[in-house]
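Asker: What follows is a predicted structure for the sequence shown.
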Number of protein chains: 2
Amino acid sequence: MSASSVNTASSTRDRILGAAEQLFAQRGFDGASLRQLTTAAGVNLAAVNYHFGSKEKLVEEVFRRRLDALNADRLAALARLGSDHPATLEEVLAAYIRPALELSHEGNGALFMRVLARAFAEHDDTLRQFLSENYGHVMRQFTAEFARLLPHLGKPELYWRIDLVTGALTHAMSGFGMIQRKGGVSEQAHREQTVQHLIRFAAAGLSHP
Amino acid sequence: MSASSVNTASSTRDRILGAAEQLFAQRGFDGASLRQLTTAAGVNLAAVNYHFGSKEKLVEEVFRRRLDALNADRLAALARLGSDHPATLEEVLAAYIRPALELSHEGNGALFMRVLARAFAEHDDTLRQFLSENYGHVMRQFTAEFARLLPHLGKPELYWRIDLVTGALTHAMSGFGMIQRKGGVSEQAHREQTVQHLIRFAAAGLSHP
DNA sequence: GCAGAATTCAAACGATCGTTTGAGCATACG
DNA sequence: CGTATGCTCAAACGATCGTTTGAATTCTGC
């Protein structure tokens, strides 16, 4: 107990964000109350409105914290491609999928993927507009790459296949428990296997004749 | 005004179920209150608890009404196959997909698909158990067919691909607006095109090497 | 070490939630 | 006709919701 930060390793703000992520994943945005949330975080009820302004702003901040990192990783992986040869479909898909799978395997990242799946299911206009405004450019960049790699597809057909793939990936990453790791396989090797499976599934769905 | 059933074409029970479907799709199970719901249905607040017992039972009844018909159609379509030749993958997928797409194009069926997508996103144990108990046998029957048609896949691999396909289909059917019908194409022809697209996407995702 | 800003706290606000109640109305049956 | 029976209604119940308040506390810079 030398330092005063045994249980207070994180700030009030971060503890709220962590508890919010967990409870939003479990009970949804409406279902999780600020009283449950602040109790779980070990902070005062009023702290949410003090630090974030409102519950809705807290929801946005939960998304911002994870998606800023996730989309930065995705764009970095995409930019890393094509230095010596034109990027293949599998490589672009890897740039899109692997950062998400790595996030879902670190800390409470898997919980966030469930929050994200909820956001997709709720057709809440405010939330959709927030996501579109802040992270739409990432989807646009990947869509452009897909369009280049799949020139035989018309625009509506391409958009629609991307939507199907997005639905499959979000559903899969939020579900889990399904993809069990077998004995004798390291955590990292198993994740790489999963990435390859997802990539092949997505590639087959995108590029089939 | 000869008959007394101008605006009372449906019973109180059915009006509640209809309004519930719409509001659950728009605002979620928690977000839609019984007061909004009964006001929209034009019935008294207490009618929900009188006819269904509780809000949770009402939720289950909303699912039961649509899923009973949907799954009966799916099983009938599956049973209709294989009379003169072994069923192909595309035929089995059609038996699974076409009834869902027809439902989502009749009346408020599309709203129900959004309710279903919400139910998937919410990992509510009570609701999942209810769905598994009442409609698990349908999924089991289709899974057996897929296993027969895709013998090169191991059991976990197969389950996992089915999960991905289910996620994609649910996501797509609840989204909509994306799949626009072009001028000069009849409603029925467009639906058949969509079915074919979904089948090919699912077949590619399921059977790729 | 002290003023001033930043943060935490207990308590209360009005609003809305799901549910229950008991009287009132309708319809059906002897 | 009278009486059960099924249904609707307005009103109220206690609980819980997000938010606000103003005082108490902790932190910061001089």
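Answerer: Now that the structure is in, tell me what you want to look at.

Asker: average pLDDT for stretch A:56-76?
Answerer: For stretch A:56-76, mean pLDDT rounds to 96.

Asker: any idea which element the residue most central in space within chain A lies in?
Answerer: Nearest to the geometric centre of chain A sits residue A:113, at 4.9 Å (Cα atoms, centre = their mean). Here residue A:113, judged by DSSP states H and E, is contained in helix A:109-121.

Asker: who touches that helix?
Answerer: With Cβ atoms under 8 Å, 6 or more residues apart in numbering or on different chains as the test, helix A:109-121 has contacts from A:21-22, A:24-25, A:28-29, A:62-63, A:66, A:100, A:102-104, A:127-128, A:131, A:167, A:170-171, A:173-174, A:176, B:114, B:117-118, B:120-123, B:171, B:174. All C-beta spots, glycine's among them, are computed from the backbone N, C-alpha and C.

Asker: what does stretch A:27-45 rub up against?
Answerer: Residues contacting stretch A:27-45 (Cβ under 8 Å, 6+ apart): A:7, A:12, A:15-16, A:18-20, A:22-24, A:26, A:47-48, A:55, A:59, A:118, A:122, B:28, B:30-31, B:122.

Asker: So which of these belong to helices?
Answerer: A:12, A:15-16, A:18-20, A:22-24, A:26, A:47-48, A:55, A:59, A:118, B:28, B:30-31 (DSSP state H).

Asker: In PyMOL, how would I select the buried members of those?
Answerer: Buried residues among the ones in helices among the contacts of stretch A:27-45 (16 or more other Cβ atoms under 10 Å in any protein chain shown), as a PyMOL selection:
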select buried, (chain A and resi 12+15+16+18+19+20+22+23+24+26+47+48+55+59+118) or (chain B and resi 28+31)
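
Asker: show me which of the ones in helices among the contacts of stretch A:27-45 neighbour DNA strand D.
Answerer: Near DNA strand D, judged by Cβ under 7 Å from any atom of the strand, the entries from the ones in helices among the contacts of stretch A:27-45 are A:48, A:55.

Asker: Okay, residue A:124 and chain B: tell me how far apart.
Answerer: 9 Å (Cβ to the nearest Cβ, to the nearest Å).

Asker: Can you report how many residues neighbour that residue?
Answerer: Here the count is done by other Cβ atoms under 10 Å in any protein chain shown, and residue A:124 has 18 residues near it.

Asker: what's the pLDDT at it?
Answerer: Value listed for residue A:124 in the pLDDT field: 83.

Asker: Could you pull up phi and psi at it?
Answerer: Torsion angles at residue A:124 (phi, psi; degrees, to the nearest 10) stand at phi -70, psi 120.

Asker: Repeat that for the one 5 residues further on.
Answerer: The phi and psi values for residue A:129, taken as degrees, to the nearest 10, are phi -70, psi -40.

Asker: likewise residue A:88?
Answerer: phi -90, psi 170.

Asker: do residue A:123 as well
Answerer: Residue torsions, per degrees, to the nearest 10, at residue A:123 are phi -90, psi 40.

Asker: Share the number of residues neighbouring the nearest residue to it once chain neighbours are set aside, please.
Answerer: Among residues not flanking residue A:123 along the chain, residue B:114 sits closest, at 6.7 Å (Cβ to Cβ, 6 or more residues apart in numbering or on different chains). Neighbour count for residue B:114, taken as other Cβ under 10 Å: 24.

Asker: got it, and residue A:83?
Answerer: 7.

Asker: what does the one 10 residues further on give?
Answerer: Burial measure for residue A:93: 25 neighbouring residues, criterion other Cβ under 10 Å.

Asker: contacting residues around it?
Answerer: A:198, A:199, A:202, A:203, A:206.

Asker: filter the residues you listed down to the ones close to DNA strand D.
Answerer: Within these, nothing lies near DNA strand D by Cβ under 7 Å from any atom of the strand.

Asker: neighbour-wise, which of these leads?
Answerer: That'd be residue A:202 among the contacts of residue A:93, by other Cβ under 10 Å, with 27 neighbours.

Asker: Surely that one is in contact with residue A:167?
Answerer: No - applying Cβ atoms under 8 Å as the test, residue A:202 and residue A:167 come out as separate, 11.1 Å apart.

Asker: who's in contact with the closest residue in space to residue A:117 that isn't next to it in sequence?
Answerer: Distances taken as Cβ to Cβ, 6+ apart place residue A:174 nearest to residue A:117, at 3.6 Å, with adjacent residues excluded. Residue A:174 sits next to A:113, A:114, A:116, A:117, B:121 when contact means Cβ under 8 Å, 6+ apart.

Asker: from these, which has minimum pLDDT?
Answerer: Note: of those, the lowest pLDDT belongs to residue B:121, at 87.

Asker: could the contacts of residue A:93 be laid out in CSV, adding pLDDT, distance to DNA strand C and secondary structure?
Answerer: As requested, the contacts of residue A:93 are exported to CSV (pLDDT from 0 to 100; distance: Cβ to the nearest atom of the strand, whole Å; DSSP: H, G, I helix; E, B strand; the rest coil):
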residue, pLDDT, distance to DNA strand C, secondary structure
A:198, 92, 38, helix
A:199, 95, 43, helix
A:202, 96, 39, helix
A:203, 97, 44, helix
A:206, 96, 41, helix
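
Asker: near chain B, which of these show up?
Answerer: Among the contacts of residue A:93, the residues lying close to chain B (Cβ under 8 Å from any Cβ of the partner chain) are residue A:203.

Asker: okay if I get the contacts of residue A:93 as a markdown table plus distance to residue A:137?
Answerer: Converted to a markdown table, the contacts of residue A:93 look like this (distance: Cβ to Cβ, whole Å):
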| residue | distance to residue A:137 |
| --- | --- |
| A:198 | 23 |
| A:199 | 23 |
| A:202 | 21 |
| A:203 | 24 |
| A:206 | 21 |
